[in-house]
Every structure is written in C-alpha cells, then in structure tokens.
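> take this sequence and fold it.
(2 chains, ligands or ions: 1)
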Amino acid sequence: MTPDELKDAVAGKLGDKMSLLDTGRMVPMFEISAANLLTVAESLRDDAALKFDYFCNLGAVDKTERFEAVYSVASIVHKHRLDFKVILDHDHPEIDSVQEIWPAANWYEREMWELFGINIRNHHNLTRFLLPDDWDQGNPMRRDWDAPDFEKLPEL
Amino acid sequence: MGLIKKVPVYAERIPGGSLVLTTLETVLHQGQAKSLWYLLFGTACCAIELMCTGASRYDFDRLGMIFRASPRQADLIIAAGTITKKMAPRLRRLYDQMAEPRYVIAMGGCTIKGGPFYYDSYAVEKGIDHIVPVDIYIPGCPPRPESLLEGCIHLQEKIKKQKLLDWQEK
Ligand code: SF4
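A predicted model of the protein is given here:
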C-alpha cells in the first residue's frame, strides 16, 4: 500500500482510536492513547489488509512535561510502514508491554525502562542489561538528569 | 652469533671457544620483548587502526606481535577504544586472567582520559588507569599505526630494562 492508501485504510478500520498527525514525513504517524495500545496493536497485526507483522523500533522521547513512546511497525507481506506514538504522564510514566503481540519489543521495552524509567506493565523480564550492573544513579536519558561526574565544556 | 652483535654489553665470547656468557635476565627479556602476544581488545574506532597495524602494510608481526583471542595466551592488552563503565569490570577480569608478566598499552584518547567523551558522558570510564595499571600511553584520536608501532617499541625497551624479579613485586 502507498502511504496515502494506508492512511485511508487505518482511518477506516481504527479511525476512532488512532488520530493522524501531520508530520510531513512519508511514513504516516498516528497518536493513540495508552489505554488503547494493546487493542490497536493487536488489530494492526491481525487485520488481513494491514498485517503489521514486523516490529521495527521503539523509542522514547522526553518532552520535559510528558514522555512519548514511539513505535515503528512494518508489514513484510504488504511492504508498508507506519509509526504511532503514545503520550505518557511525566510523573508516573507507565505503559503496557506489547511483547505478546510483537515479541521483538522485549528488549526495546527493557531499554526504555532502564534509560527513561518508564515502567512496563506485564513485561516478562524487566531486568537491567545496558547500564553497569551496580548502577544506582537513576535514568540517564531523562532531561532533568545529571551525572555526578559530568564536566563542563570549556569556554572557547 | 647474531645475539652477540645485538647485545654486546651483556654477552661476551670466550676467546677461542664456542661458549657465550650472558645473564639469564638479558636472554629472558630479549625473548619477552620480541614475542609480545597481545590480546585482541578493540572496543571502538581505535581498533580499526590496530587492525590496520596488524595487516600487511604495517606488519605488526615483524615486532613479534601476534594477536591472541584468549587472555591465557597473551602477554599484553592493547586497549584500543572507548572503555565504558559497563566494560570496565570485564577489562579488569581479562587482565586478571592473564599470566604474569603482563603489560597494558592504552591506545587513544579514550583509554587515556575518556577522549572526546570526557565531557558530559555518563557511560564512559575516564581513563583505564582507574582499572588496570598502564605501561604505555599512546595519544591520538585515533593514533596512527606509526604511533602504535613506536609505542610497542617503547614497551619492548621498557621490558628489556626491567629487572628479573620486578614483575613479582607488582
Ligand atoms: S580515541 Fe578517538 S579513535 Fe580512539 S576510540 Fe576514542 S574516539 Fe575512537
């Protein structure tokens, strides 16, 4: 499907749960609410016309007043791609795990939990693997985080 | 009797005989210096220069340096690349697994003092001398193969100068 056809197909099937964002990019970007994540993900994977069977990427963005979890999925069968993001509360960021739907999400979710401190509900193995084993200094990718041994860049 | 020409200070030929007098220290250290097998420990971009040095153009083998994939067979770690805080305990463990005498070369700015990641990186160890004792520092980002070769020659000279029981005291 071309991106425009894909936008129409998604609007027709999941229009009430996914709202299209105007990003100007070729890959369409949708926004969904955290409560709908699992149902939307399941429909995206199982719908015969959409069939998003490949999990490309999951990243988090710290926007200071909120977190955004950005998912990228693709369909190997239909050769199309789609991104969607979920807005999370900054004080208590929490999101459902999609690893039952796309098992590849497992490590991305662990990374998000480790570096951003976003709690993943129903994750099978939420353990540390990127930071040092004895790390106790918080979540380094958060904007309000400072390492104890940061050095100021010299004035040039 | 090529050895006599190379180490005239320590070796003497008894006139008329086929006997050579030298010290155990000299022979041992000559041997150690000329067969420094190094542990492959390339963790970032500096490793590319290390590979280049090992390839035919710069020919590391002519110094007797052959890479080993196991710390048990290595005399030297050339730490080529950024050492993160996560990697640091692994480097220490590999160092501990090596048989003495063992040497460490810190190659590149990252291993000396954190390199370009010295400022505002939470993940990079700011110098591997916090983890293992370093014998030779080779500055550069990355150092050219010539610098690496020179560093190794300095290490060989250091080995030749050391006393037999030095490494036991470390
Ligand atoms: S010193 Fe420079 S070249 Fe070497 S590992 Fe660090 S960044 Fe890479």
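
> list the contacts for residue 116?
Chain wasn't specified; assuming chain A. Applying C-beta atoms under 8 Å, 6 or more residues apart in numbering or on different chains to residue A:116 gives the contacts A:60, A:62, A:67, A:93, A:139, A:141, A:142. Just so you know, the C-beta spots here come from the backbone N, C-alpha and C atoms, and that holds for glycine as well.

> nope, chain B
Contacts of residue B:116 by C-beta under 8 Å, 6+ apart are B:109, B:110, B:141.

> pretty sure the first one sits against residue B:141.
Spelled out, it's residue B:109. Yes. In this structure, residue B:109 is within contact of residue B:141 by C-beta atoms under 8 Å, at 4.5 Å.

> so what sits against both of those two?
Common neighbours of residue B:109 and residue B:141 are listed as B:115, B:116 (criterion: C-beta under 8 Å, 6+ apart).

> compare the two (neighbour count), which wins?
residue B:109 (22 against 12; other C-beta atoms under 10 Å in any protein chain shown).

> for that one, which non-adjacent residue is closest in space?
For residue B:109, ignoring the flanking residues on the chain, the nearest one in space by C-beta to C-beta, 6 or more residues apart in numbering or on different chains is residue B:115 at 3.5 Å.

> what about that neighbour, neighbour count?
24.

> residue A:128 now?
There are 13 residues near residue A:128, going by other C-beta under 10 Å.

> where's it relative to chain B, distance?
10 Å (C-beta to the nearest C-beta, to the nearest Å).

> if I pick that residue, what's in contact with it?
Shown in contact with residue A:128 (C-beta under 8 Å, 6+ apart): A:110, A:114, A:135.

> if you set the cut-off to 10 Å instead, what comes out?
By C-beta atoms under 10 Å, 6 or more residues apart in numbering or on different chains, the residues touching residue A:128 are A:110, A:113, A:114, A:134, A:135, B:86.

> just the residues you listed that are near the ligand?
With C-beta under 6 Å from any ligand atom as the criterion, the contacts of residue A:128 include none near the ligand.

> okay, those residues in TSV with neighbour count and secondary structure next?
Formatted as TSV, those follow (neighbours: other C-beta atoms under 10 Å in any protein chain shown; DSSP: H, G, I helix; E, B strand; the rest coil):
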residue	neighbour count	secondary structure
A:110	21	helix
A:113	21	helix
A:114	19	helix
A:134	9	coil
A:135	15	coil
B:86	17	coil
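
> turn those residues into TSV, including pLDDT.
Output for the contacts of residue A:128, formatted as TSV (pLDDT from 0 to 100):
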residue	pLDDT
A:110	93
A:113	94
A:114	92
A:134	86
A:135	87
B:86	91
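
> quick check, residue A:88 in a helix?
No. Per DSSP: H, G, I helix; E, B strand; the rest coil, residue A:88 lies outside any helix segment and is strand.

> identify the spatial nearest neighbour of it, chain neighbours not counted.
residue A:67 (4.1 Å).

> for the residue of chain B found nearest chain A, phi and psi?
As assessed by C-beta to the nearest C-beta, chain A sits closest to residue B:122 within chain B, at 3.9 Å. Main-chain dihedrals, residue B:122, degrees, to the nearest 10: phi -90, psi -10.

> ok, it to residue B:42 distance?
Distance of residue B:122 to residue B:42, computed by C-beta to C-beta, to the nearest Å: 23 Å.

> please apply the same query to residue A:91.
Taken as C-beta to C-beta, the spacing of residue A:91 relative to residue B:42 amounts to 43 Å.

> more crowded one of these two?
Neighbour tally, residue A:91 and residue B:42, criterion other C-beta under 10 Å: the higher count belongs to residue B:42, 17 against 7.

> roughly how far does the residue nearest to that one when sequence neighbours are not counted sit from the ligand?
Using C-beta to C-beta, 6+ apart and skipping the chain neighbours, the partner closest in space to residue B:42 is residue B:80 (4.5 Å). As judged by C-beta to the nearest ligand atom, to the nearest Å, residue B:80 and the ligand stand 7 Å apart.

> pretty sure the residue nearest to residue B:109 is touching residue B:84, no?
No. Assessed by C-beta atoms under 10 Å, residue B:115 is found out of contact with residue B:84, at 11.8 Å.
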